[in-house]
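Undergrad: Need a 3D model of the sequence below.
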Amino acid sequence: MSNQDEEEARHLLHQQYERPEQQSYASTQDDITAAIAGIRSRLDTLASINADKIFTPGGPQSRYHAIIEEAYAALGLIETQVDELRTELEYQHKRLDEIRDAALAQEQELTNGNV
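TA: A predicted model of the protein is given here:
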């Protein structure tokens, strides 16, 4: 990844993380897929750095802190999406349990009233 590409990716991550907007399902899925791919790529880069190369100028080892920060920013995007999905799932679970409980109570009243 070139420095310009990395800067653009970092800028996009920052924009999405700092100013999230309502996105379509497909766009959200694409963002999650891209974020996961970005994290995996950065982890591969970090894994390639070893003690023999830590002081070699010009390579990824010279900016490993920035790579780590980029990976955490991407992870933050994913965590935000997971939190939103968890909230929606919990809401739907509660809503449907309440509907079921109300229907059961109504059925119970009908059964008790007709016995």
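Undergrad: Not counting sequence-adjacent ones, nearest residue to the spatially most central residue of the chain?
TA: By CA atoms, centre = their mean, the chain has its centre lying nearest to I78, at 0.9 Å. In space, and not counting its chain neighbours, I78 is closest to A35: 5.2 Å by CB to CB, 6 or more residues apart in numbering. Yep, even glycine has a C-beta here, placed from its N, CA and C like the rest.
Undergrad: Just confirm that neighbour contacts A71, I think it does.
TA: No - taking CB atoms under 8 Å as the definition, A35 is not a contact partner of A71, at 9.5 Å.
Undergrad: Could you check how far T80 is from R42?
TA: T80 sits 18 Å away from R42, going by CB to CB, to the nearest Å.
Undergrad: Comparing these two, which shows the higher neighbour count?
TA: Here T80 and R42 are set side by side on neighbour count (other CB atoms under 10 Å), and the busier one is R42, at 23 against 13.
Undergrad: picking up where we left off before, what about the residue nearest to I78, how many residues nearby?
TA: A35 has 21 nearby residues by other CB under 10 Å.
Undergrad: again, but for the one 4 residues further on
TA: Neighbourhood size, I39 [other CB under 10 Å]: 18.
Undergrad: what pLDDT does it get?
TA: pLDDT recorded at I39 is 95.
Undergrad: re the thing from before, with only the CA atoms kept, save the helix or strand harbouring the residue nearest to I78 in PDB.
TA: Using DSSP states H and E, A35 sits within helix 25-48. Taking Å, rounded to 0.1, in the frame of the first residue of the first chain, the C-alpha atoms of helix 25-48 are listed here in PDB:
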ATOM      1  CA  TYR A  25     -27.100  -2.300   4.400                       C
ATOM      2  CA  ALA A  26     -24.900  -3.100   1.400                       C
ATOM      3  CA  SER A  27     -22.700  -0.100   2.100                       C
ATOM      4  CA  THR A  28     -22.400  -1.100   5.700                       C
ATOM      5  CA  GLN A  29     -21.500  -4.700   4.700                       C
ATOM      6  CA  ASP A  30     -18.900  -3.300   2.300                       C
ATOM      7  CA  ASP A  31     -17.400  -1.100   5.000                       C
ATOM      8  CA  ILE A  32     -17.200  -4.100   7.400                       C
ATOM      9  CA  THR A  33     -15.600  -6.300   4.800                       C
ATOM     10  CA  ALA A  34     -13.100  -3.500   3.900                       C
ATOM     11  CA  ALA A  35     -12.300  -2.900   7.600                       C
ATOM     12  CA  ILE A  36     -11.700  -6.600   8.300                       C
ATOM     13  CA  ALA A  37      -9.400  -6.800   5.200                       C
ATOM     14  CA  GLY A  38      -7.600  -3.700   6.400                       C
ATOM     15  CA  ILE A  39      -7.100  -5.200   9.900                       C
ATOM     16  CA  ARG A  40      -5.800  -8.500   8.400                       C
ATOM     17  CA  SER A  41      -3.400  -6.600   6.100                       C
ATOM     18  CA  ARG A  42      -2.100  -4.500   8.900                       C
ATOM     19  CA  LEU A  43      -1.700  -7.600  11.200                       C
ATOM     20  CA  ASP A  44       0.200  -9.300   8.400                       C
ATOM     21  CA  THR A  45       2.500  -6.300   8.100                       C
ATOM     22  CA  LEU A  46       3.000  -6.200  11.800                       C
ATOM     23  CA  ALA A  47       3.800  -9.900  12.000                       C
ATOM     24  CA  SER A  48       6.500  -9.500   9.300                       C
END
